[in-house]
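>>> one predicted model, sequence on top.
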Amino acid sequence: GAVVSQHPSRVICKSGTSVKIECRSLDFQATTMFWYRQFPKKSLMLMATSNEGSKATYEQGVEKDKFLINHASLTLSTLTVTSAHPEDSSFYICSARDKGQGAGNSPLHFGNGTRLTVT
Amino acid sequence: QKEVEQNSGPLSVPEGAIASLNCTYSDRGSQSFFWYRQYSGKSPELIMSIYSNGDKEDGRFTAQLNKASQYVSLLIRDSQPSDSATYLCAGYNAGNNRKLIWGLGTSLAVNP
């Protein structure tokens, strides 16, 4: 159980284009999803918290107009990297928390990640 | 600043040995802790959750929590080369705005 599906797994795009990444909880409902990015050999960095039906909460230093997050249903959140540049190249990982468990107690379940390369 | 600290390693153990991974946390109000395994180039995978003082065992893995000492550990018995990965410790901060605080991870190498 607790499967999170993330697509695409890998994407290469040209500078200036936009890329959308989807994150779905397959066997549970997720009122809250989290988007992380990770550079090689570095720790996870939380970008934003996505709540179903409301605006995402962005971490300090993360541009909300560049990283658009939509959480339209209890099983789907999307991250759109707008006007991507080479410095946006990174490993983007979504995670979800099961609605059925307490907010302060339940683990996060991760998607497989999306490796974005901007040329 | 709420923190979760881990020794970055690398921790190197021979195959079949016990690997001991440690984590300390600064928020005394933290209640829930998790160990994740992350292979290079992959996303984290949940191994263990622990919520109360003491030991919790699952197969070759044992998580230990000591809230008085603000210390969480993960023991891996009969270590295998496939256990070679980075192990991330995480815990929720206390208070209304529950956020998972991550350690930087410990790199484990199990040598055949």
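Perfect, I can see it now.

>>> make it CA atoms for all contacts and neighbour counts henceforth
Fine.

>>> so where's chain A uncertain?
For chain A, the stretches with pLDDT under 70 are A:102-104.

>>> residues contacting A:C94?
Shown in contact with A:C94 (C-alpha atoms under 8 Å, 6 or more residues apart in numbering or on different chains): A:Q6, A:C23, A:M33, A:F34, A:W35, A:Y36, A:F110, A:G111, A:G113.

>>> for the helix or strand where it lies, what is the distance to the chain centroid?
According to DSSP states H and E, A:C94 maps onto strand A:90-97. With C-alpha atoms, centre = their mean, to the nearest Å as the basis, strand A:90-97 stands 4 Å off its chain's centre.

>>> swap in stretch B:88-103?
Between the centre of stretch B:88-103 and the centre of its chain there are 13 Å (C-alpha atoms, centre = their mean).

>>> that one vs chain A: in contact?
Yes. With C-alpha under 8 Å from any C-alpha of the partner chain as the criterion, chain A is reached by stretch B:88-103 at B:Y92, B:R98, B:K99, B:W102, B:G103.

>>> what subset of those residues is buried?
When burial is judged by neighbour count using 16 or more other C-alpha atoms under 10 Å in any protein chain shown, the buried members of the residues of stretch B:88-103 next to chain A are B:Y92, B:K99, B:W102, B:G103.

>>> show me what the third one is bridged to.
Going by DSSP bridges, B:W102 is paired in beta bridges with B:A90.

>>> tell me what the lowest-mean-pLDDT helix or strand in chain B is packed against?
In chain B, no helix or strand scores lower on mean pLDDT, DSSP states H and E than strand B:100-102, which sits at a mean of 90. Helices and strands touching strand B:100-102, by 3 or more C-alpha pairs under 8 Å, 6 or more residues apart in numbering or on different chains; DSSP states H and E, are strand B:85-92.

>>> residues in contact with B:A85?
Residues in contact with B:A85 (C-alpha under 8 Å, 6+ apart) are B:R37, B:Q38, B:Y39, B:S40, B:S107, B:L108, B:A109.
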